[in-house]
Structure formats: C-alpha cells, structure tokens
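Participant: what shape does this take:
(3 chains)
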Amino acid sequence: MKHVRKNLLALAAATACMTIGHAAFADELSIMASGGAWQDAQRKAWFEPFSKETGVKILEQEYLGDLGKVKAMVDTGNVPIDLVTVETATVLQGCDAGILERLDYSKIGPRDKFIEGSALDCGVGLDAYGDILAYDPTVLKDAPTSVLDLFDTTKFPGKRAMRKFPAQNLEWALMADGVAPADIYKVLATPEGVDRAFKKLDTIKKDIVWWDAGAQPAQLLASKEVVMTTAWNGRIQNAIDTDGKPFKIVWNNQILEYDMIAIPKGAKSPDLAYKYLAYISEPKNNAKLASYITYGPVRTDAASFVAPDALPKLPNAPDHLSGAYLVADTEFWGDYGEDLVKRFNAWLAQ
Amino acid sequence: MLLSPYPTAGERIRITLLWIWCGLVILFLLVPILIPVPLSFNSGAFFIFPLEGISTRWYEVVLGTQRWQSAIGNSLIVAFGTTFIATVLGTLTAIALSDEKFPGRRIVMPLLLSPLIVPVVITAVGSYLFYARIGLASTYAGIILAHTALASPFVVVTVAASLTGFDRNLMRAAAISGAKPLTAFFRVMLPLILPGVLSGAAFAFVTSFDEVVVVQFLASASQRTMPLEMFIGLREKLSPAITAAATLMMALSILLLLVANILSRRGRKAPV
Amino acid sequence: MSALQPSDLDRPALARGRSAAADTDLKSVSAALRRAEFGDRLRSLALAAPLLVLLALSFGIPIVLLLSRAVYDPTIAEALPKTTAALADWNGQGQPGDAALAALAADLSDNQAKGTAYELAKSINARLPGARSQVLKTVRKLENAGGQPPLDIMKSVPFWTAPGTWPAIASGTHRLTSFYLLSALDLRWNADGGIERVPPEQAIFLQVFMRTFFVAAAVTLATLLLGFPLAYLISSVPKGLAAILIVAVLLPFWTSILVRTAAWTVLLQKFGLVNDLLLWLGVGSDRLDLMYSRMGLIIAMTHIQLPFTLLPIYSVMRTIQPSQMKAAYSLGARPFTAFRRVYLPQVFPGVMAGCLLTFILCLGYYITPALIGGASDQLISNFIANYVNVELNWEMAAALSFILLVFTLALFGIFARILGFDRLKLV
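Facilitator: Here you go, the predicted structure:
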C-alpha cells in the first residue's frame, strides 16, 4: 500500500512537472537585447504590456555584441532565443551569413509604413536614434555647435571619445573635410574617398579615446576623462534626466540610425516572435518607447501617438532635423562594411 | 633569517629598504581591491570619486532583485561542482603523474596545462559548438565540464608540488602493516598532502567562480552567473551595482579564506 | 605507481629470495620486477585516466575541432559540387570554358537558395581579396535574372573571366588551406605560387604578436620585481605575521578580475586617485593619461598577475632551511655572497615557474586590455575575440589561436629543457 502511494505521488509529481514544463515552453519568448537604459525602456514600453496582454512570459538576455554566440547557436541548431535586438550593420551581416530569418512582413505590418531603411529583409526597425555629440558645459566653457567640432583640436583641446567602429566616424570625417552630406556615400564608395576620410581621422587620432559599449560615453564625460564624446542620444539624455548630469547634446550634423530586431534562424517560437513584432510595430505601441527613452518611432504613422512631452527630445523631432544631418545608408554599409571594418581595425592597430 | 648573525649598518639599511618596498607592494595589492567598497555605497550612478552621497541602494539592487539572487546561486552551483570534480580527479592524476614510471608524463603534463594556454574565447566557442551537438550547451553540466577543464590544471600542479616532498616508503610501510590501499591513502597520504589539495581546490573554485567568457557562451538566461552579471554591468550599465556585488564577493572570499585557513591548520602547514 | 598500493615487488620477491637458490632467484626477481612495474604503470594510468578522458572530451575534442578550421575549409568544395566536377579535368591554364561557368552559375543559385552564399563568398574572398562583393553581386543578379540565361549573366561580370579568379576557385575545391595560417603571420600566396609579405597597411598580426609578448614580458618582469622581495620577506618573518601577509596576497587573488579591472579604471582615470596622488606628490605638473594607455594596462595586469608569480616563489623559499644560510655565514660568506651563491640557485626553479605561469596567462588576456588599453594596446586575444564575435571569421580566429598555442608550447618546451622538467614547480 505504502508502495503504491509512493508511486502515485511520483507519478503525480512527474505529471505536474511535465505540464509546468510544457506550459512554460509554450508561452515563453526569449529576447536578447543590448542592456542598459535602452533595455529598461523596452521592458516598460513593450515587454511588460505585451506580457500582460498576451500572457506570454518574456525572458530577457543581454546581447554583448556577441554575434558569435548567435552564429554558434544557429550552426548547431540549438537556438534558445527567439528575438535579438541588433544594429543595422549586424542585421545585414547576419542576413548574408544566413543566421537571421528572412522576415515575412505580412505577419508584422505594412512594410511601406516604415521610414525608409528601417524595414530590412532580416530585421525590422524598433526605433530611430541619433549619433550625436555630447559635452559637459561645466568643463567645456566654449560650447561646440556641431558634431564636426570633434575635429577642431585648437578650439577644443583635450581628449574626445568616439565609437570604435568605422561607421559614423568616416562620414563625419568626410563632412569635416568639406564633403556635403548628400555626397558622403558617393565619395566613401571610392578608394580615394576612404583614404581621405582616414587621413582626416589621422589628424585627431592621438586625441581619441575609443568606446564600444553604449554606456561608456556618459561615464567618460562624468569622470572628465574626455571633454566631448560621440554618443547615442538616448544614453546621454538618460544621464541628464535620471542621474542629474549637466551634459548637453549637439544635434547639428547628427547621423540618424535605426535599432533593429531580428529572428535568429531556427528560433523555437517564431510565431510568438512574429506576434511580438506585430505588437511593437503597431503605430500606437511603436510610439510608446519614446516615453521611456528618447528614441523616436520608425513608423511614419506613429508620430501623432508620441507623448507631447517626449517629442522635443527625439532625434527625429523637427527641431533636430533643422540643421545639417545625415541618414545612415544601410545599403552602403551592407556592401562596403566588412572591408571598411577590416581597414579600420588595421588602422587602429597601427 | 633576515639578518646575518652580525649585521652591518649597510645590511640594516638594506633590510629597512626591503620592508619599505614590501609595504608599498602590499599597498599596491590592496588599494585597488578596496576601491569598490566605498564606491558601492555611492548614491550616484557613476564610477567616480568623490561620492555623490551615501546610500545602500546598490545593495538593494544586488540582494533584492531576482536576477542577482539567481546569479549568486548559479555561481555557487557551478563553482562547487567544478571544485569537487576538479579536485578529486586532479588529485588522482597528480598522484599518478608524480610516479616517475608514468608512461609519457613529459607529454601528458604540457597537455594538461594547455587549457591555461588556449585563449579562453577559443575554448568557449569550441566547447559551445561541441556541447551543443551532444546536448550539453545551456546546462549546468556543460558549464561545470568546461570549467573543470580550465580548473583542473591548477589542482594537478599544486598537488604534484606537494607530492614532491612525500616519502613513498610511507605507503609501503602502511601496506606491509596490512592497510588496504584506500585506507592507506586516507590515513597516510591525504593528511600529508592536504595543504596542496586544499590550495588546489581553492584555485579551482576561484577559476570557476571568476570565469566569464565560457559562461557567456554556454549559459542560457537562467544560468547566468555572478561574473557574467557583472560583465554585463560593466559593459552596458556601468552601474555601481557591480561594486556592491564585488564587495559582497570579497566578503565571501575572506570568509572562505578563513575557513580554508582553519581547515588547513588541521593539516600540517599553512595553505598557499 | 606505488603510492596507493604497495608494489607487489616487495612481498613475493623477498619471500622467495630467502628460500630459493641464488641463480634462479635473480631471474625471477627481474621477472617479478618487470611484472610489478607493468602493474604499477597500469595503476598509474588508471588513476590518471578519469581526468585525462574527461579533459579529452570536454576540452581536447572541442579545441581540436575548432582549431582544425584553420587548415580545413571544405566550404568551397561543398558549396560548389557542380563546379568541382566541371573543373576536374581543367589543366589550370587560361579559362576553364563555358561548361565550368555554367556549373558555377548553377552552384551559385543553389547557394543563394540554401542561404549559404555569404559563407561561400567569404571563403572565396579569403583566397582572392575583393571577391566577396563580386560573388554576392553575381548571386543577386542571378536571383533577379528575369529570363536572362545564367551564362550571359556570368559573362557580364568581368570578374569571372579575369585571370586569377579560376585558379583561386580551383584551389578552393581542395579542402585543405594554408591561407589562414599564412594570414596570421602576415603572409600570403602571390600570383606565381610563392609566399610573400602582405602590404604594410594590412600587416597587423606580427605586430600584435610582438606587442602581446612584450606586454607579457613586461608584466612578468614587474611582478618579479614586486613579488620576489615580498615572497622573501614572507618566508623569513615569524609565522603569525607571515599568515597575515599571505592573506594580503591572496585577497586580491580571490577578488574577481572584472572587479579589479573596474577598480583600476577608477584609479587610473584622468581625475582618478593615482593622478591625484601624483599631483599631490608634485610629480609632473599635468595629469597623465593613464587610462587607455600601455602603461595603465601593464600596471593593471601586474596587479592581477602578482600572486601568480609570487606564490610559486614563496612555496620554494619556504622549503629552504635557514640553517643553510647560517652555515654560509659561519663559513665567512658576506650576506650578499651567501644570498647569491646559496639562496638564489635554490629558489631559481620557483622563480622560473612563477614567471612562466604569469607569462603564459598574460598571453591570453583580453577583457583587461579591452577595458583599460587604448586602440593600440589590444592583445592577440582581443583580435581573436573580435574574429569570433564580430567578424564571424572563425577560421582566422582558429589560425591565430593555433599560432599562439605553438609559440607558447615551444616556449614551455624550451623552459622545461633548460630547467629540467621536474624542477618546474609551478605552484
């Protein structure tokens, strides 16, 4: 009798485990995002409301720039993540490398309602952000008026921080060298143009501190390690708004880019992933992120849903597009990115 | 032994200089690890002195959030698992290798050390690719296995070092007196090499407890360890939460160090 | 292996030795000896086997599989089966003809459909720089052909009829490649089939290897200068004080490398404590840029490695009897002479072991250089990590690791030979 009871208990426990396990498997969506204030904002704007609405539990992972891990997952057919937030360049690279799923826009939303360049084959835009210049006015008495002041070491002596990546830096270098924003990518497509950009960067190379994680610029400014830094506008705004730092943002000559989200090949719950993509691509929801971090919507029809107090801080707010600016050319970086990254790394190492 | 029997003035100066130099070295060793302690009580969100204010908000983050709690738990599971396997197997191997008759020990030893030499990124990718095929990726077993590879060289080396002073005739004596091999091992050999085994275990523990690259590849979201959580913090958030975590880890280290010290006093010598 | 079990040499041989005649005795003793030795070896192997097997499975196989990517690259052969067949009887001279071109077009379309075109393009690019964009361009054209015959499309891209293209593809249909290993040494094949240096603006790895070895050597030397006197002091003070000092050494050792690296960023930054101290001491008039510099990197790595150098030295020093030095003094040796002639030779193996351990561990650093070093202070592991995580070029990462492994093992071999293997007391 005792025996039977024990067996029954074990059976019940096993069944319970199986059902729990099964339920957990069916209703979990694993999202790899790149951490920091940005992920916090996504959690409030999207993860939590989506969970509440659909009952799907969202498991968060941080993306540490390790596309290698995603490749390893796809290569071995063991893909524990359903969605990954990445940069545009990574989407193109991952798409070519066959590690990201080609998206079916009929399950997401009308592709033509996205800002140009923000709906790619393997990734859909989450938000628009600006590559801007930030400085601390208590340190730098003379206010810079353009991102291109990076290259003016006589008027603004001291270290400046730039991202350890060729994109944006090469564009700014050419702009500082007198190329009009409209011609940047034409010039950069020629070997002479690339040489010209690197030559311009050479003039300030010894004054540059390189950052590669999005949170570093604010830390570099706060510790006064540098007098000015390029940055993603949201990270700086976050330091101003929540940490009370006196930083200032220079919008003139900003470069507009899009954050992307993609489905790795072989993801376990692609249907849930699409459900999530459709959810965040709805104009109303798309505009919601702007209330938590100052990144703008990527849907052209989302502007009217942006909270009025959030609007003035967005990179694609009318005020910030009144000066010179450049929209990053995703196709250009798709074609030339790999070679330029290689050249950039060799240039850095020398 | 510092001074010769009849120290000259010059010698006294040299000894004084030695003390000063060593004092500076100790400062150099300790100051950087004490830095996180005050920073962990910073109320601001940046890594800078002077502190903006005093608060325990970062401790609340570390101890109060489920993420950090599970990270601490995961770290302990992985580190204790690794330490156990690496210490047991590493000790056996060291005993085997300390016998000069062991075939090919000149080749085996460098091979055993190679986990220290291969860049850990390569170890991480290599083990991920292989473990994923055999179903070990994203499991505790997988992480523990990979960490055992990284940690066991330390055990082999420390135990082998402590065996160089071990007189094998003691084991023969034990056998002749009728002790079974296992009894002889536990009653004769182990007590004598215990300091070596314990320090090997300590090394193994630290190696696993501090490892981030392999974990980054092999762990799924639910297996995130403390160093990985800190690495994420360092790269992406730079929040002083990691200094709070560091301070807690240091407190734990001191505790472990004390325990190891007490344990080893029951052995023969102080541990190294 | 007699440690766990007494060798069976003793009992039977000794027992017989008393009873049997002397001449047969000699034979049986040596036979018993051989048997016993054989048994000992088996036992040793059995003891070591669990770890060896575990390491072979958990570490050996994965690493060999990954490193083999440096020389074994079947991508092209697997991606271009039709082309491989079509090239079978090509003599390597001139152009292989339309059949091969058509086969290639078919293969390219297949790859596009399977999503492997990028891997293929990358692999061809490895043999023929610049080929990547040409391959992808052609693939896209084939995809949007709109009825145009594939052969015409192939001919419309001059790249496919250029000299050099087909030899590269043909070489790719063999599965073994030396390209990545050569690249890791800044070398490449030239058009005449010889090996040449790559142009200076592309040559980075030799420089990075040199830099890695330089940083490792500098850190090793620094840890020795700091660690040796401290080890000496600890080994010669009374036990209680020694225990406290040892804790001071071990405490950083037990603190996460990440935390120590973060702490050093706080210390080294421009308005950090080190600069404050230097300014207060009146050393220099301006704040130094220690962060993102080689100096800062070496300081931080020295801090992390110091216990690794110190502990082996200390463990050897502890075994040296003070009476030896006393004997030297009583024989009239001056303190310095006694130290140099009696003490140093004995601690030498410990010094070598500590230095070797630190040197080897330094070669693998990458998180600390990434966070504290500047762009020109990145070590070889940073490049390996970059190839793994960012560029997804695992072949190149494998080649660099392989070269690093060979250098390091060679170094280990040299040390082991100079010192004698058994004197390498590593910890």
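
Participant: packing partners for the helix ranked longest in chain C?
Facilitator: Across chain C, the longest stretch assigned as helix under DSSP state H is helix C:22-55. If you count contacts as 3 or more CB pairs under 8 Å, 6 or more residues apart in numbering or on different chains; DSSP states H and E, helix C:22-55 packs onto helix B:66-97, helix B:105-117, helix B:140-163, helix C:10-19. In short, each C-beta sits where N, CA and C put it, glycine included.

Participant: which of the three states applies to A:Pro246?
Facilitator: Put simply, A:Pro246 is coil when judged by DSSP: H, G, I helix; E, B strand; the rest coil.

Participant: now do the phi/psi pair for it.
Facilitator: phi -80, psi 20 (degrees, to the nearest 10).

Participant: ok, the residue lying closest to it once chain neighbours are set aside - how many residues close by?
Facilitator: Using CB to CB, 6 or more residues apart in numbering or on different chains and skipping the chain neighbours, the partner closest in space to A:Pro246 is A:Thr138 (5.6 Å). As a burial measure, A:Thr138 scores 10 neighbours (other CB atoms under 10 Å in any protein chain shown).

Participant: please tell me how far A:Thr138 sits from chain C.
Facilitator: Distance, A:Thr138 to chain C, using CB to the nearest CB, to the nearest Å: 13 Å.

Participant: phi first, then psi, for that residue.
Facilitator: phi -80, psi -20.

Participant: relative to chain B, how far out is it?
Facilitator: Where chain B is concerned, A:Thr138 sits at a distance of 14 Å (CB to the nearest CB).

Participant: deepest-packed of the helices and strands packed on helix C:22-55, please.
Facilitator: helix B:140-163 (a mean of 26; mean count of other CB atoms under 10 Å in any protein chain shown).

Participant: anything in that one near chain C?
Facilitator: Yes: with CB under 8 Å from any CB of the partner chain as the criterion, chain C is reached by helix B:140-163 at B:145-146, B:148-149, B:152, B:154, B:156-158, B:161, B:163.

Participant: widest-spaced pair of those?
Facilitator: B:Ala146 and B:Leu163 (27.0 Å; CB to CB).

Participant: where exactly do the helices run in the stretch 201-350 of chain C?
Facilitator: Taking DSSP state H, counting those that start in this stretch, the helices of the stretch 201-350 of chain C run over residues C:205-236, C:239-253, C:257-268, C:273-281, C:294-317, C:322-330, C:335-338, C:344-363.

Participant: got those as CSV, with distance to A:Glu116 and mean pLDDT columns?
Facilitator: Formatted as CSV, the helices of the stretch 201-350 of chain C follow (distance: least, CB to CB, whole Å; pLDDT from 0 to 100):
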stretch, distance to A:Glu116, mean pLDDT
helix C:205-236, 40, 95
helix C:239-253, 54, 86
helix C:257-268, 40, 86
helix C:273-281, 48, 87
helix C:294-317, 44, 91
helix C:322-330, 81, 82
helix C:335-338, 79, 80
helix C:344-363, 48, 86
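
Participant: determine which of the ones you listed approaches chain A most closely.
Facilitator: Distance to chain A, taken as CB to the nearest CB, is lowest for helix C:205-236 among these, at 6.3 Å.

Participant: so which elements touch the closest one?
Facilitator: Counting by 3+ CB pairs under 8 Å, 6+ apart, helix C:205-236 packs on helix B:9-34, helix C:239-253, helix C:294-317, helix C:344-363, helix C:380-389, helix C:394-419.

Participant: for chain A, what are the nearby residues on the stretch 51-200 of chain B?
Facilitator: B:125, B:128-129, B:132-133, B:137-138.

Participant: for the residue nearest to C:Pro167 when sequence neighbours are not counted, helix, strand, or coil?
Facilitator: Distance criterion CB to CB, 6+ apart; nearest residue to C:Pro167, sequence neighbours excluded, is C:Gly92 at 6.3 Å. Following three-state DSSP, we place C:Gly92 in the coil state.

Participant: tally of neighbours for C:Gly92?
Facilitator: Other residues close to C:Gly92 by other CB under 10 Å number 10.

Participant: correct me, but it touches C:Ala170?
Facilitator: Yes: shown here, C:Gly92 and C:Ala170 form a contact pair, counting by CB atoms under 8 Å, at 6.5 Å.

Participant: need the residues touching each of the two.
Facilitator: The contact sets of C:Gly92 and C:Ala170 do not overlap (CB atoms under 8 Å, 6 or more residues apart in numbering or on different chains).

Participant: so how far is C:Gln269 from the residue nearest to C:Pro167?
Facilitator: Applying CB to CB, to the nearest Å, the value for C:Gly92 to C:Gln269 is 59 Å.

Participant: what of A:Thr154?
Facilitator: From A:Thr154 to C:Gln269 the distance is 25 Å (CB to CB).

Participant: the two - which one has more neighbours?
Facilitator: C:Gln269 (26 against 5).

Participant: enumerate the residues of the stretch 51-200 of chain A near chain B.
Facilitator: Residues of the stretch 51-200 of chain A lying near chain B (CB under 8 Å from any CB): A:59-62, A:64, A:66, A:68-69, A:72-73, A:75-78, A:80.

Participant: narrow the residues you listed to those in strands?
Facilitator: A:59-62 (DSSP state E).

Participant: I'd like to know which of those residues are buried.
Facilitator: Among those, the ones that count as buried by 16 or more other CB atoms under 10 Å in any protein chain shown are A:59-62.

Participant: circling back: make JSON lines out of the helices and strands packed on helix C:205-236 and add distance to chain A and mean neighbour count.
Facilitator: Shown next, in JSON lines, are the helices and strands packed on helix C:205-236 (distance: least, CB to the nearest CB, whole Å; neighbours: other CB atoms under 10 Å in any protein chain shown):
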{"stretch": "helix B:9-34", "distance to chain A": "16", "mean neighbour count": "15"}
{"stretch": "helix C:239-253", "distance to chain A": "23", "mean neighbour count": "17"}
{"stretch": "helix C:294-317", "distance to chain A": "12", "mean neighbour count": "25"}
{"stretch": "helix C:344-363", "distance to chain A": "17", "mean neighbour count": "21"}
{"stretch": "helix C:380-389", "distance to chain A": "4", "mean neighbour count": "24"}
{"stretch": "helix C:394-419", "distance to chain A": "8", "mean neighbour count": "19"}
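
Participant: for A:Met32, find the nearest of those.
Facilitator: With CB to CB as the measure, helix C:380-389 is the member of the helices and strands packed on helix C:205-236 nearest A:Met32 (13.5 Å).

Participant: please state the offset of that closest one from the chain centre?
Facilitator: The chain centre lies 12 Å from the centre of helix C:380-389; the measure is CA atoms, centre = their mean, to the nearest Å.
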